[in-house]
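In: got a predicted structure here, sequence first:
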Amino acid sequence: MVVQRVIEDSLPHFKRYFVCFDALKRGWKVGCRPLIGLDGCFLKGSFKSEFLITVGRDANN
């Protein structure tokens with residue numbers, strides 16, 4: 001769990017929480033194809049954030 005303090009003496013604010021069960025992790029590793037590439041960019045305008053893209057290769061194509 002990650003928390004972030006907005007002001008030094010304030011209470012921490014919840015930022016994010018990650019849970020990964022062992023069965024899900026093993027299933028992901030067995031069934032997932034290796035990643036070919038990872039790319040990202042920063043979005044400007046009203047949606048200011050990052051956009052991440054993964055590219056895989058289809059064996060039938």
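Out: Received the coordinates, thanks.
In: for the rest of this, base every contact and every neighbour count on C-alpha atoms.
Out: Fine.
In: for the residue nearest to the spatial centre of the chain, give me its contacts.
Out: With distances taken as Cα atoms, centre = their mean, Leu52 lies nearest the centre of the chain, 8.5 Å away. Counting by Cα atoms under 8 Å, 6 or more residues apart in numbering, Leu52 makes contact with Leu38, Asp39, Gly40, Cys41.
In: in the sheet, who's paired with Leu38?
Out: The residues listed as beta-bridge partners of Leu38 by DSSP bridges are Thr54.
In: can you pull out the low-pLDDT segments for the protein?
Out: Per-residue confidence for the chain (pLDDT under 70) gives these ranges: 1-7, 12, 33-35, 58-61.
In: tell me where it has helices.
Out: 22-31 (DSSP state H).
In: which residues of it fall in strands?
Out: In chain order, the chain shows strands spanning 2-4, 13-16, 37-42, 50-55, with DSSP state E as the criterion.
In: out of those, flag the one nearest Val30.
Out: Distances from Val30 to each of the strands of the chain were compared using Cα to Cα; the shortest belongs to strand 50-55, at 18.3 Å.
In: quick one: buried residues of that closest one?
Out: Counting neighbours by 16 or more other Cα atoms under 10 Å, one finds that strand 50-55 has no buried residues.
In: and for stretch 22-32?
Out: When burial is assessed from 16+ other Cα under 10 Å, stretch 22-32 yields no buried residues.
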